[in-house]
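Student: Kindly generate the corresponding structure for this input.
(2 chains)
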Amino acid sequence: QKALFCISHAAESAIMVVNSVHWFRKCLRLHDNPALQEALNGADTVRCVYILDPWFAGAANVGINRWRFLLEALEDLDNSLKKLNSRLFVVRGQPTEVFPRLFKEWNVTRLTFEYDPEPYGKERDGAIIKMAQEFGVEAVIRNSHTLYNLDRIIEMNNNSPPLTFKRFQTIVSRLELPRRPLPPITRQQMDKCHTQIGENHDLLYSIPSLEELGFRTEDLSPAVWRGGESEALDRLNKHLDKKVWVANLEHPRVNTCSLYASPTGLSPYLRFGCLSCRVLYYNLRELYMKLRKRCSPPLSLFGQLLWREFFYTAATNNPNFDRMEGNPICVQIPWDQNPEALAKWAEGRTGFPWIDAIMTQLRQEGWIHHLARHAVACFLTRGDLWISWESGMKVFEELLLDADWSVNAGSWMWLSCSAFFQQFFHCYCPVGFGRRTDPSGDYIRRYIPILKDYPNRYIYEPWNAPESLQKAANCVVGVDYPKPMINHAEGSRLNIERMKQVYQQLSHYRGLSLLASVPTIQEEAEPPMTDESQTSSGPGRRRPD
Amino acid sequence: MKRGLQGNEQEDGGGTSGGCQKTLKRSRKQRRENDLEEEGARWECLPQEILLHIFQYLPLLDRAYASQVCRGWNQAFHMPELWRCFEFELNQPASSYLKATHPDLIKQIIKRHSNHLQYVSFKVDSSRESAEAACDILSQLVNCSLKTLGLISTARPSFMELPKSHFISALTVVFVNSKSLSSLKIDDTPVDDPSLKVLVANNSDTLKLLKMSSCPHVSPAGILCVADQCHGLRELALNYHLLSDELLIALSSEKHVHLDHLRIDVVSENPGQQFHTIKKSSWDAMVRHSPKFNLVMYFFLYEDEFGPFFRDEIPVTHLYFGRSVSKDVLGRVGLTCPRLVELVVCANGLRPLDEELIRIAQRCTQLSAIGLGECEVSCSAFVEFVKMCGDRLTQLSIMEEVLVPDHRYGLDDIHWEVSKHLGRVWFPDMMPTW
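Tutor: So this is what the prediction gives:
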């Protein structure tokens, strides 16, 4: 028997059987998936796995909408793979314990996965690659989560990530176009690689349900954002159609409609990788060139994608990116610790209908418009409550479908003026800003139904309505709806002083200008790259001391 | 350690205490023992003045570690010169992320150095205990002759949560004992008129700076007393309700020095609040007396509370509107603020401010800084504005959404136009659209 084993083993090595495992993490799609293509390339067998730790589900800061989205995305993958005579293998456990088992059980020779640029991802993957080496498994990694190679961007900026968006755009404009997206894997490709599906596949490798993860689903309303690649591609088409119809490829001005979840919205799909960012990029580019009959589209066309890229670049080499302490780019601000106030904000009980409606939509649906994010982030941090952006970031991480680690942390730092050299004078008023964004008040009525009978005049500030009106509207402030938790004028006055104190200490600025308190960053002062400009008279002005 | 200094060590015995004699002997012995250690041994013999100079560069914690090295360095650590400035950081773990000054250190300072302290500040978090701790320290500063005192709330003003009498009695200890206070920052505290009288009675000759924004227990009469007696006052910060014609006249009296700057916060407590007016003649008197003074005004009002403001010429130099302000008021600003240097508008609304900005460019010839938040300006008007101001605009902070594209300029080309007129590369401020 031993002899037979030796012979078959020798035979195997001679024939070099390739058993691939493709590991899905983000990039939950079959289109533009270079790592998956590598798994199939010349392989005899292939298995697509997703690793999930159900026990971790309870502990992790992930809310029900995010889990549901993920599970739907996995189902979609499974369905798509079924059509290709394959299946998705959802393996319970953690990668470090799962892989040794699978490597042995399946005789794995090749492991493929998409490159994860986030610091935690790099560390985890480093360990897995090492483990793969020990098992004699070839590890093949391909970049497809970001448009560009982030290390290249960093290299081009004197080996440090750009800290202003303008600088980032300048560098990106000097790069070649992003690599073209690959087509989806085909039936022909899969036919060459066999997937061995056991009879007990559904027993061992099925996708868990929300209940199994410990969630109660009796009162769960249907998902506003359906997870999965199919949905993503469908939305992409609608998104592009809309752009054509509106004939407006410019940055759209926000109106009331924008506040509601859009059937063409794409951000959660980009985050989970159900939609490839390069596919979106090239579709937008081609549409622009077709409509405008011009050469290159401006960078502003890709706004959303570039912001995402910007934060990924800023975060990739900074494991402390998501906290204030020990984070070299984060201003140390003496935020207040106030769990009670934080809870009111997180649960939409601040007494400011604009803020509460936004937080309610966030909790119910998992997405809010970016201006709504600015409003609630400002309110929590530098605008009103003076609570740390880290707390806000964690709430968003739990509830928001498109909260990438890098983008979430980066945006919170940006919005709280903790990094990226932001001016702090523009404070979003929790009454006025809401009223200007949606004068009809319908957004409030939709998400805070108890206020639906308030007239527009008072719906953003119900505490100012005369008592008779409150009673007539069947909603008395202090009884049926909370009183405002803070005096905004007072709070913002105090906070602007605090921010000024912090920044003046930072910039050693002793003057009276509010704007000059924020230090200007050297990188902005660089002369422009194109020859069109005749402006520069040397580096930018230094602010007067 | 500079090697060049070592040659003079043994001669330069002046200032070093007897402790160094012993170390000299020791160092001679060590020199015999090991040539390499020779340089290290001499460190104990650094004259105190040099040690002092070096210690002054060290942050407190490093200095404290250094003081544990030997008796000589420990003595240096306690030299009066190192205890002239101190910032007490009082934070509770439950309410702040920041570390606090160690209570033992505080005790030591009060015991050994309170009479050395001259420039003191207290940074206090939002908890009442921190404010109480600050008052506790203040009450013990009996032997102090402070030049500077700052009470700074880093979050919610916790001094306001203390019983007023408790705070006042602690503060009065400093007022009475210091007698040469030059700079006092007591914003957001329950200071009152009688305590200001005590301040004035003891420090009128020396007081140069007084910051007391949002001190609700002070009345116009209280602050007038300060202006009448403290003729050296150069910097004053207070709330609008304390401002009066009499105060401005007092600050412009012949006996008074030139005022450097006056900061006024105009805050609305309740919607529809009425604000008094200040006569133009009072402002004129101020300008005549102190032609270079800066008037900094921060407005936190509802849109309809601006009635009394910007009707007559006012010498404001730095203007901040912390809440939304109407187009009409911004139009009046252009007409009434010829000395304007900086204008920062948090929000206005959705009607373009084209005319108002052009007027400001025309009339406010000193304007060098402008910041626009949630406003709207057409791209053409904005380019016109920048053209008129030219390169005197050193600070131009415009949120991207403010600029409305029109037939002449789109968003992608406006920054080239603006950069051209400014003489430097410029882009609007951006917010993540994610």
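Student: Could you use CA atoms for every contact and neighbour count after this?
Tutor: OK.
Student: Name the SS class of the residue in the stretch 351-500 of chain A that chain B sits nearest to, please.
Tutor: Minimum separation of the stretch 351-500 of chain A from chain B (C-alpha to the nearest C-alpha) falls at residue A:426, amounting to 4.5 Å. Following DSSP: H, G, I helix; E, B strand; the rest coil, the label given to residue A:426 is coil.
Student: Tally up the residues packed near it, please.
Tutor: 22 (other C-alpha atoms under 10 Å in any protein chain shown).
Student: What residues of the host helix or strand of residue A:240 count as buried?
Tutor: Using DSSP states H and E, residue A:240 falls within helix A:229-246. The neighbour-count check on helix A:229-246 (16 or more other C-alpha atoms under 10 Å in any protein chain shown) flags A:229, A:230, A:231, A:232, A:233, A:235, A:236, A:239, A:240, A:243 as buried.
Student: Please name the residues that touch the fifth one.
Tutor: The reference is to residue A:233. residue A:275 (C-alpha atoms under 8 Å, 6 or more residues apart in numbering or on different chains).
Student: and with 6 Å instead?
Tutor: Residues near residue A:233 by C-alpha atoms under 6 Å, 6 or more residues apart in numbering or on different chains: none.
Student: quick one: contacts for the closest residue to residue B:88 other than its chain neighbours?
Tutor: Among residues not flanking residue B:88 along the chain, residue B:122 sits closest, at 4.7 Å (C-alpha to C-alpha, 6 or more residues apart in numbering or on different chains). Each residue near residue B:122 by C-alpha under 6 Å, 6+ apart is listed here: B:87, B:88, B:151, B:152.
Student: Return the mean pLDDT over stretch B:279-289, rounded to an integer.
Tutor: Mean pLDDT, stretch B:279-289: 96.
Student: Up against chain A, what does the stretch 1-150 of chain B have?
Tutor: Proximity of the stretch 1-150 of chain B to chain A, by C-alpha under 6 Å from any C-alpha of the partner chain, involves residues B:95, B:96.
Student: In the stretch 1-150 of chain B, where is pLDDT below threshold?
Tutor: Low-confidence segments of the stretch 1-150 of chain B (pLDDT under 70): B:1-41, B:44.
Student: In it, what residue comes closest to chain A?
Tutor: residue B:95 (4.4 Å).
Student: Neighbours of that residue, how many?
Tutor: 18.
Student: Setting aside sequence-adjacent positions, which residue approaches it most closely?
Tutor: The nearest residue in space to residue B:95 (C-alpha to C-alpha, 6+ apart) is residue A:337, at 4.4 Å.
Student: do the same with residue A:432
Tutor: Per C-alpha to C-alpha, 6+ apart, closest to residue A:432 is residue B:324, 7.3 Å.
Student: could I get the following helix or strand past the helix holding residue A:240 in CSV with only the CA atoms?
Tutor: Using DSSP H and E, the helix or strand that follows helix A:229-246 towards the C-terminus is helix A:267-272. Only the C-alpha atoms of helix A:267-272 are listed here, as CSV (Å, rounded to 0.1, in the frame of the first residue of the first chain):
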residue,chain,number,x,y,z
SER,A,267,-21.8,52.7,-2.7
PRO,A,268,-22.7,49.5,-0.7
TYR,A,269,-21.9,47.4,-3.8
LEU,A,270,-18.5,49.0,-4.2
ARG,A,271,-17.7,48.3,-0.6
PHE,A,272,-18.6,44.7,-0.6
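Student: got the buried residues for helix A:267-272?
Tutor: Residues of helix A:267-272 classed as buried: A:267, A:268, A:269, A:270, A:271, A:272 (neighbour count, 16+ other C-alpha under 10 Å).
Student: can you list contacts of that helix?
Tutor: A:26, A:232, A:275, A:401, A:402.
Student: cool, stretch A:278-288 as well?
Tutor: Contact with stretch A:278-288 is made by A:147, A:181, as judged by C-alpha under 6 Å, 6+ apart.
Student: Helix, strand or coil: sort out residue B:343 for me.
Tutor: Residue B:343 ends up strand, using three-state DSSP.
Student: Just say helix, strand or coil for the residue of the stretch 1-150 of chain A found nearest chain B.
Tutor: Minimum separation of the stretch 1-150 of chain A from chain B (C-alpha to the nearest C-alpha) falls at residue A:146, amounting to 15.0 Å. Recorded secondary structure, residue A:146: coil (three-state DSSP).
Student: could you give me the average pLDDT of stretch A:328-339?
Tutor: pLDDT averaged over stretch A:328-339 gives 94.
Student: now do stretch A:393-407
Tutor: Mean pLDDT, taken over the full extent of stretch A:393-407, equals 96.
Student: Then stretch B:302-312?
Tutor: Mean predicted lDDT for stretch B:302-312 stands at 92.
Student: when you scan that stretch, is anything in it near chain A?
Tutor: No. Residues of stretch B:302-312 are not located near chain A by C-alpha under 6 Å from any C-alpha, the shortest gap being 9.0 Å.
Student: With stretch B:178-194 instead?
Tutor: No. Against chain A, stretch B:178-194 shows no contacts by C-alpha under 6 Å from any C-alpha, the least distance being 8.9 Å.
Student: Verify the stated contact: residue B:80 with residue B:118.
Tutor: No. Judged on C-alpha atoms under 6 Å, residue B:80 makes no contact with residue B:118 at a distance of 10.3 Å.
Student: So between the two, which is more surrounded?
Tutor: Comparing residue B:80 with residue B:118 by other C-alpha under 10 Å, the one with more neighbours is residue B:118, at 21 against 16.
Student: was I right about that one contacting residue B:146?
Tutor: Yes. The criterion here is C-alpha under 6 Å, and residue B:118 meets it with residue B:146 at 4.2 Å.
Student: Return every residue with contacts to both of those two.
Tutor: With C-alpha under 6 Å, 6+ apart, residue B:118 and residue B:146 have no common neighbours.
Student: At which residues are the helices of the stretch 51-200 of chain B located?
Tutor: Assignment of helices within the stretch 51-200 of chain B using DSSP state H, counting those that start in this stretch yields the ranges B:60-66, B:71-77, B:103-108, B:128-139, B:164-178, B:193-203.
Student: Tell me which helix or strand comes right after the helix-or-strand element of chain A with minimal mean pLDDT.
Tutor: Ranked by mean pLDDT, DSSP states H and E, the weakest helix or strand in chain A is helix A:2-15, scoring a mean of 51. Sequence order places strand A:19-24 as the next helix or strand after helix A:2-15, per DSSP H and E.
Student: gap between that following strand and the chain center?
Tutor: In terms of C-alpha atoms, centre = their mean, to the nearest Å, the centre of strand A:19-24 is found 25 Å from the chain centre.
Student: Now do the helix or strand just after it: which elements does it pack against?
Tutor: Using DSSP H and E, the next helix or strand after strand A:19-24 towards the C-terminus is helix A:34-40. Other elements packing on helix A:34-40 under the criterion 3 or more C-alpha pairs under 6 Å, 6 or more residues apart in numbering or on different chains; DSSP states H and E are strand A:110-114.
Student: Strand partners (parallel or antiparallel) of the strand it packs on?
Tutor: When pairing is defined by DSSP bridges, strand A:110-114 lines up against strand A:19-24 (parallel), strand A:138-142 (parallel).
Student: can you list those in a markdown table and add mean neighbour count?
Tutor: What follows is the strands paired with strand A:110-114, written out as a markdown table (neighbours: other C-alpha atoms under 10 Å in any protein chain shown):
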| stretch | mean neighbour count |
| --- | --- |
| strand A:19-24 | 26 |
| strand A:138-142 | 18 |
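Student: List just the one of those that sits closest to residue A:361.
Tutor: strand A:19-24 (29.9 Å; C-alpha to C-alpha).
Student: Please work out the average pLDDT along the closest one.
Tutor: 96.
Student: Which residues does it contact?
Tutor: Contact with strand A:19-24 is made by A:36, A:39, A:44-50, A:108-113, as judged by C-alpha under 6 Å, 6+ apart.
Student: what two of those residues are the furthest from one another?
Tutor: A:44 and A:50 (20.1 Å).
Student: picking that back up, would you mind putting the buried residues of helix A:229-246 into JSON lines with distance to residue B:223 alongside?
Tutor: JSON lines is the format used below for the buried residues of helix A:229-246 (distance: C-alpha to C-alpha, whole Å):
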{"residue": "A:229", "distance to residue B:223": "69"}
{"residue": "A:230", "distance to residue B:223": "70"}
{"residue": "A:231", "distance to residue B:223": "67"}
{"residue": "A:232", "distance to residue B:223": "66"}
{"residue": "A:233", "distance to residue B:223": "68"}
{"residue": "A:235", "distance to residue B:223": "65"}
{"residue": "A:236", "distance to residue B:223": "65"}
{"residue": "A:239", "distance to residue B:223": "63"}
{"residue": "A:240", "distance to residue B:223": "65"}
{"residue": "A:243", "distance to residue B:223": "62"}
